[in-house]
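Peer 1: Got a sequence here, can you build the structure:
(chains A and B)
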Amino acid sequence: MSKVTTKDGVEIFYKDWGKGSPSCSAMAGHCRQMTGRADDVLPESRLPRHRA
Amino acid sequence: MMFFLNRGFRVIAHDRRGHGRSTQTGDGHDMDHYADDLGGDRAPQFEECGARRPLHRGWRGGPLSGSARPERGRKAAIIAAVPPLMVKTPANPAACPRKSSTVSRHSSRRSVANSIAIFRRDFLRVQPAGAKTSEAIIQNWWRQGMMGRREGTL
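Peer 2: Take a look at the predicted model:
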């Protein structure tokens, strides 16, 4: 299985299909066609610190 | 994935931490980690698999993975992205009220399975006029939600 490891030791699985120009598909959860989080509004404990 | 695969692209799709076939971690379920895991300095994913300057496509929380290091990408397609702050506060009056989040958290304490089912039923049935609801997709979403670590799903 294709995985990368983050700095805090978490393995992230990814699919890598085909050849040619790379396209990175980032959904909200699993690497599948129809995914998502169970909470559309972030709980207070998970308010982002990230400001892109 | 098949749409781009059939048009000659190499398609890379990753889990979000705690989901799918990735480590069932309970830590780091915040936007900073999501952004860094695949697009930031924490993971050299694109170098490891040889994909340099890819086209990023992201839906909801997905765009964050490409936002941490935008210079790594070639183009970006951002679909229904989660804004940095979704919850209504005095400084953010146009955002979503906290009430819906509270309801979700309350129900998840009693039953994760029920909470996922309720949310996904409501989420997927908010469709454009004339669109059909797929019970199979709803069931598949629930199945995948149950596979994930609770802290990252709810």
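
Peer 1: can we go C-alpha only for contacts and neighbour counts from here?
Peer 2: Noted.

Peer 1: shaky segments in the chain?
Peer 2: I'll assume chain A. Within chain A, the segments meeting pLDDT under 70 span A:24-52.

Peer 1: Oops, wrong one, chain B.
Peer 2: Segments of chain B classed as low confidence (criterion: pLDDT under 70) are B:38-73, B:82-86, B:98-110, B:120-131, B:154.

Peer 1: Which helix or strand contains the residue of chain A found nearest chain B?
Peer 2: Distance from chain B to each residue of chain A (CA to the nearest CA) is smallest for A:Tyr14, at 3.9 Å. Secondary structure here is read from DSSP states H and E; on that basis A:Tyr14 sits in strand A:11-17.

Peer 1: How about the residue of chain A closest to chain B, nearest residue that isn't a chain neighbour?
Peer 2: On the basis of CA to CA, 6 or more residues apart in numbering or on different chains, the spatially nearest residue to A:Tyr14 that is not a chain neighbour turns out to be B:His14, at 3.9 Å.

Peer 1: domain parsing for chain B?
Peer 2: For chain B, automatic domain parsing gives the domain ranges B:1-84, B:85-154.

Peer 1: still on that earlier bit, doesn't B:Ala13 make contact with the residue of chain A closest to chain B?
Peer 2: Yes - taking CA atoms under 8 Å as the definition, A:Tyr14 is a contact partner of B:Ala13 at 5.3 Å.

Peer 1: okay, now the residue lying closest to B:Val87 once chain neighbours are set aside: neighbour count?
Peer 2: Computed as CA to CA, 6+ apart, the closest residue to B:Val87 that is not its neighbour in sequence is B:Cys96, at 5.1 Å. Each residue near B:Cys96 was counted by other CA atoms under 10 Å in any protein chain shown, and the total is 17.

Peer 1: How much space separates B:Cys96 from B:Thr153?
Peer 2: 19 Å (CA to CA, to the nearest Å).

Peer 1: just B:Ala95 next, same as before
Peer 2: According to CA to CA, B:Ala95 and B:Thr153 sit 21 Å apart.

Peer 1: ok, these two, which is more surrounded?
Peer 2: The residue with more neighbours, out of B:Ala95 and B:Thr153, is B:Thr153; 22 against 15, by other CA under 10 Å.

Peer 1: hmm, who's touching stretch B:19-26?
Peer 2: Counting by CA atoms under 8 Å, 6 or more residues apart in numbering or on different chains, stretch B:19-26 makes contact with A:3, A:10-13, A:29-31, B:15-18, B:144-145, B:147-153, all of which sit outside it.

Peer 1: So which of these are in strands?
Peer 2: Those of these mapping onto strands are A:3, A:11-13, per DSSP state E.
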